[in-house]
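Asker: Below is the structure, and that's it, no one-letter string:
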């Protein structure tokens, strides 16, 4: 526990000159330890390094994924509330300076559907810019894009939220198009859970442990495939 605390304190010091992330939309909060960079306590430096990037969904599945990768990879996290922007592409470059990493799983989606957050026509170029940062900073890394999870009706999780979810579907479509163009495989979290909405928690965005187990396994399977191909 003490070593984990020291690691978190060290990362806090590194990021001390950077404003703490803030999400003003109370519906999509961190749902866990909070927005943070968390670095693995490395016991075996010979193991490959993996970076998981995402929002509160990452907070839900990271513990399971880290356990599944124990003894196989050292896993760092960047849990954040950002959407596609030139600013986040700059931050990404700074976070990647903590590498190098062998595999990066990344996602942005549940914080970009609100009107005005992403200007029309900019999603694809910003997403391409994000991938370009990854490829420039980590030319030898394997990259995996994780699609955003479905949004359900508050109090009725078996129902799709018709106001928000179409935006998630469209952004997943655009992101998948970018990834196909740039040669980045997709881990389809959306497809994995859209027909398992009984596993949704009922607050629109978050999921129960069995759902997080499913996406953790999907992420880990994809990570291990990429590591075995290196």
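Answerer: That came through fine. Treat the numbers as computed from the prediction; the structure is a model and nothing was measured.

Asker: what about the helices in this structure?
Answerer: Ranges of helices within the chain are 2-14, 56-68, 86-96, 123-137, 165-182, 189-193, 209-229, based on DSSP state H.

Asker: weakest of those by average pLDDT?
Answerer: When the helices of the chain are compared by mean pLDDT, helix 2-14 comes last with a mean of 37.

Asker: center of this structure, which residue is that?
Answerer: Computing the C-alpha centroid of the chain and ranking residues by CA atoms, centre = their mean puts residue 54 first, at 1.9 Å.

Asker: residues in contact with that one?
Answerer: If you count contacts by CB atoms under 8 Å, 6 or more residues apart in numbering, residue 54 has them with 78-80, 105-108, 146. Where C-beta positions appear, they are placed from N, C-alpha and C, glycine not excepted.

Asker: Try it again at 10 Å.
Answerer: Contact analysis of residue 54 by CB atoms under 10 Å, 6 or more residues apart in numbering lists 60-62, 77-80, 105-110, 146, 148-149, 189, 219.

Asker: Then residue 113?
Answerer: With CB under 10 Å, 6+ apart, residue 113 has these contacts: 25, 28, 83, 148, 151, 163-168, 170-171.

Asker: and residue 227, how many neighbours?
Answerer: 17 (other CB atoms under 10 Å).

Asker: How much space separates residue 177 from residue 200?
Answerer: For residue 177, the distance to residue 200 equals 27 Å [CB to CB, to the nearest Å].

Asker: Neighbour count for the two, which is higher?
Answerer: Neighbour count, other CB under 10 Å: between residue 177 and residue 200, residue 200 has more, with 23 against 13.

Asker: The nearest residue to residue 126 once chain neighbours are set aside: neighbour count?
Answerer: Nearest residue to residue 126 in three dimensions, chain neighbours excluded: residue 84, at 3.9 Å (CB to CB, 6 or more residues apart in numbering). Using other CB under 10 Å, residue 84 has 26 neighbouring residues.

Asker: circling back: would you list the contacts of residue 113 in a markdown table and tack on distance to residue 44 and neighbour count?
Answerer: Below are the contacts of residue 113 laid out as a markdown table (distance: CB to CB, whole Å; neighbours: other CB atoms under 10 Å):
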| residue | distance to residue 44 | neighbour count |
| --- | --- | --- |
| 25 | 40 | 12 |
| 28 | 36 | 21 |
| 83 | 36 | 20 |
| 148 | 33 | 25 |
| 151 | 39 | 24 |
| 163 | 47 | 11 |
| 164 | 42 | 20 |
| 165 | 42 | 21 |
| 166 | 45 | 13 |
| 167 | 42 | 19 |
| 168 | 38 | 22 |
| 170 | 42 | 12 |
| 171 | 38 | 22 |
